[in-house]
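Novice: When you get a sec, could you give me coordinates for this:
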Amino acid sequence: MAKRFEFRLEQVLGLRKQVEEVRVRELAQAKGRLLQIEEALKEHSKNENQFLKTFGEFEKTGEFEADQAMIYCEYKDWLLRREKEYHRQEKEWVDKVERRRQIAVKASREKKLLENLKEKKKRAHGQEVLGEEQRFLDEISSIAFVRRDRAQNAAGADLTINLGR
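Specialist: Numbering: from 1, shown residues only. Okay, here's the model as predicted:
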């Protein structure tokens with residue numbers, strides 16, 4: 001009976017699968033954070049446009065006081081700082097996503113390398129098992145041939161003995 005296929009690096013392969021899953025999860029989280037920042041930036045841009053439109057109308061009509069103008073200017077400066085911060089965060093997370101993507105790709109390649117090795121070993125094991133089976137069948141055939149040949153020779157000898165009498 002042929003021995004069962006056993007891949008010696010199965011534990012390492014399992015570990016690499018887990019590492020790949022973690023790296024892919026980290027990449028997904030980074031992409032999610034980047035998406036949140038992009039959505040916040042869109043929302044901020046929408047709010048800024050609405051504010052500038054309202055502020056522009058007040059400027060045209062001149063219907064605001066100096067205190068209101070100061071508040072509007074401070075708010076506009078705050079919006080500008082916030083937008084810069086969003087852009088900084090966006091750039092930072094784009095870089096993080098790229099780094100995590102590269103790490104996930106590397107982990108995937110390492111796992112794939114072991115999977116390919118396992119498949120190669122499995123095919124080699126299958127060929128070895130087929131070879132063993134073929135040798136076994138050849139041996140059985142040889143034994144059957146020898147038995148048949150001996151039986152024919154014995155029958156021929158019995159026939160010769162019986163005819164010679």
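Novice: contacts, neighbours, all on C-alpha from now
Specialist: OK.
Novice: ok, for Ala107, nearest residue in space, not its chain neighbours?
Specialist: Glu20 (5.1 Å; Cα to Cα, 6 or more residues apart in numbering).
Novice: what's near enough to touch the one you found?
Specialist: If you count contacts by Cα atoms under 8 Å, 6 or more residues apart in numbering, Glu20 has them with 104, 107-108, 111.
Novice: among those residues, which are in helices?
Specialist: 104, 107-108, 111 (DSSP state H).
Novice: Flag the shaky bits of the chain, pLDDT-wise.
Specialist: Scanning the chain for pLDDT under 70 picks out 1-2, 156-165.
Novice: quick one: the residue most central in space within it and His87, what's the gap?
Specialist: Geometric centre of the chain, nearest residue: Ser108, 4.9 Å, by Cα atoms, centre = their mean. Distance, Ser108 to His87, by Cα to Cα, to the nearest Å: 31 Å.
Novice: re earlier: tell me which residues touch the residue nearest to the centre of the chain, please.
Specialist: 17, 20.
Novice: Out of the ones in helices among the contacts of Glu20, which is nearest to Glu133?
Specialist: Lowest distance from Glu133 to those (Cα to Cα) belongs to Lys111, with 32.7 Å.
Novice: Let me know how buried the closest one is, in neighbour terms.
Specialist: Lys111 is flanked by 21 other residues according to other Cα atoms under 10 Å.
Novice: ok, now Gln102?
Specialist: So Gln102, with other Cα under 10 Å, has 14 neighbours.
Novice: Just give me how far the helix or strand where it lies sits from the chain centre.
Specialist: Assigned by DSSP states H and E, Gln102 belongs to helix 66-164. Its chain's C-alpha centre and that of helix 66-164 lie 11 Å apart, by Cα atoms, centre = their mean, to the nearest Å.
Novice: Please apply the same query to stretch 27-44.
Specialist: So, by Cα atoms, centre = their mean, the centroid of stretch 27-44 is 23 Å from its chain's centroid.
Novice: Glu21: how many residues sit nearby?
Specialist: For Glu21, the neighbour count with other Cα under 10 Å is 15.
Novice: repeat for Val94
Specialist: Val94: 17 surrounding residues under other Cα under 10 Å.
Novice: from what I can see it touches Leu34, true?
Specialist: Yes. Assessed by Cα atoms under 8 Å, Val94 is found in contact with Leu34 at 6.8 Å.
Novice: thinking again about what came up before, ok, the ones in helices among the contacts of Glu20 vs Val12, which is closest?
Specialist: Of all the ones in helices among the contacts of Glu20, Lys111 has the smallest distance to Val12: 9.0 Å, by Cα to Cα.
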